[in-house]
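> Let me see the structure of the following:
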Amino acid sequence: MKLVIDIGNTNIVAGIQSAGKWKHIWRFTTNKKATELNYSIKIHNVLWEAGIHPDDIKIKILSSVVPELKPQFTGLLKKLNSAPLIILDQSIFEKLNITIPSPDEIGTDLVANVLAAFDTYKEDLIIIDFGTALTFTVVNKDGQILGVNIAPGLKTAMNALGDKTSQLDSVPLERPESALGTTTQTAIQNGVLLGYIGLINHMINAIKKEVGAHYKVLITGGLWRVLKDDLTAIDYVEPNLTLDGLAKIPFIIKANE
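Here you go, the predicted structure:
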């Protein structure tokens, strides 16, 4: 049984995998000011509610793009039990079966995405992750990351406009029926969502023009469903791609030893 934790800027996702299947996946709101004790209580509580004893966990895997929280989770995971802890960072990049340019700059969540996608498909791929940031990671069939493009995520863009609009507390991430905004809320919704349809489709076309039209498009992250009817050339959907990649790390390292 594996405990996998991915710390993102908006959410912390934790999962329990057994026999290659996800038995439980939990999401917590990221709080950079929370202590190790705060997060330890959360982890212990969800494990207890799921009927999982810490000693049932045989390996722990951690990825974080939030430097402030990496020490807290490293500490609590070491204290959770005596099972090995693998932290995805530059220190183990060379043990993986992919080629990573600018390893000091790339997010470990994107590395995990590539690990999962490459191991599963071994094709030329464009990986689009709908998270706090909207990322486009291009990897070839040899496991070489060719490049990454980054734009604000859907919620990030929506919240940025909503925060600047005094009439609104928040803007729901929903498509209006009409493409013509008739209220401040629908104006922002159309501006962001219709705009992002164009952004994503154009980005896919621009990347394919450079690397080849045969590249397949893989989508991950739950927010893509808001736009799914308007996105073109989507070949694969992997909702748990980041966790999948993290879970594969022990096997990849062992195979490359």
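
> can you pull out the helices in this structure?
Along the chain, the segments classed as helices by DSSP state H run 36-49, 70-80, 90-93, 108-121, 154-163, 184-211, 241-255.

> and those helices as TSV, adding mean neighbour count and mean pLDDT?
C-beta here means a position set from N, CA and C on the backbone, and glycine is covered the same way. Output for those, formatted as TSV (neighbours: other Cβ atoms under 10 Å; pLDDT from 0 to 100):
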stretch	mean neighbour count	mean pLDDT
helix 36-49	15	97
helix 70-80	17	97
helix 90-93	13	93
helix 108-121	24	96
helix 154-163	18	78
helix 184-211	16	92
helix 241-255	20	93
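
> Tell me which of these sits nearest to L223.
Taking Cβ to Cβ, helix 154-163 is the member of the helices of the chain nearest to L223, at 5.0 Å.

> residues making contact with the closest one?
Applying Cβ atoms under 8 Å, 6 or more residues apart in numbering, the external contacts of helix 154-163 come out as 10, 130, 132-134, 152, 168-171, 173, 188-189, 191-193, 196, 223, 226-227.

> Report how many residues lie close to P101.
Taking other Cβ atoms under 10 Å as the neighbour definition, P101 ends up with a count of 11.

> any idea how far L146 is from it?
Distance of P101 to L146, computed by Cβ to Cβ, to the nearest Å: 8 Å.

> do the same with T108
When distance is defined by Cβ to Cβ, T108 is 18 Å away from L146.

> K248 too?
Applying Cβ to Cβ to K248 and L146 gives a distance of 21 Å.

> Over to S64?
Relative to L146, S64 is positioned 25 Å away (criterion: Cβ to Cβ).

> who's more crowded, the two?
For the pair S64 and L146, the greater number of neighbours falls to S64 (24 against 16), based on other Cβ under 10 Å.

> Ignoring the adjacent residues along the chain, who's closest to that one?
I7 (3.8 Å; Cβ to Cβ, 6 or more residues apart in numbering).

> For that neighbour, give the beta-bridge partners.
I12, S64 (DSSP bridges).

> residue contacts, it?
Taking Cβ under 8 Å, 6+ apart as the test, what I7 contacts is T30, L62, S63, S64, V65, V66, L69, K70, F73.

> Am I right that the fifth one is in contact with T10?
In this case it means V65. No. Counting by Cβ atoms under 8 Å, no contact exists between V65 and T10, whose distance comes to 10.5 Å.

> ok, these two, which is more surrounded?
Applying other Cβ under 10 Å to V65 and T10 shows that V65 carries more neighbours, namely 19 against 15.

> could you measure that one against G107, distance?
Shown here: V65 relative to G107, a distance of 5 Å by Cβ to Cβ.

> Which residue, other than its chain neighbours, is closest to I145?
Using Cβ to Cβ, 6+ apart, the closest residue to I145 is V139 (5.1 Å).
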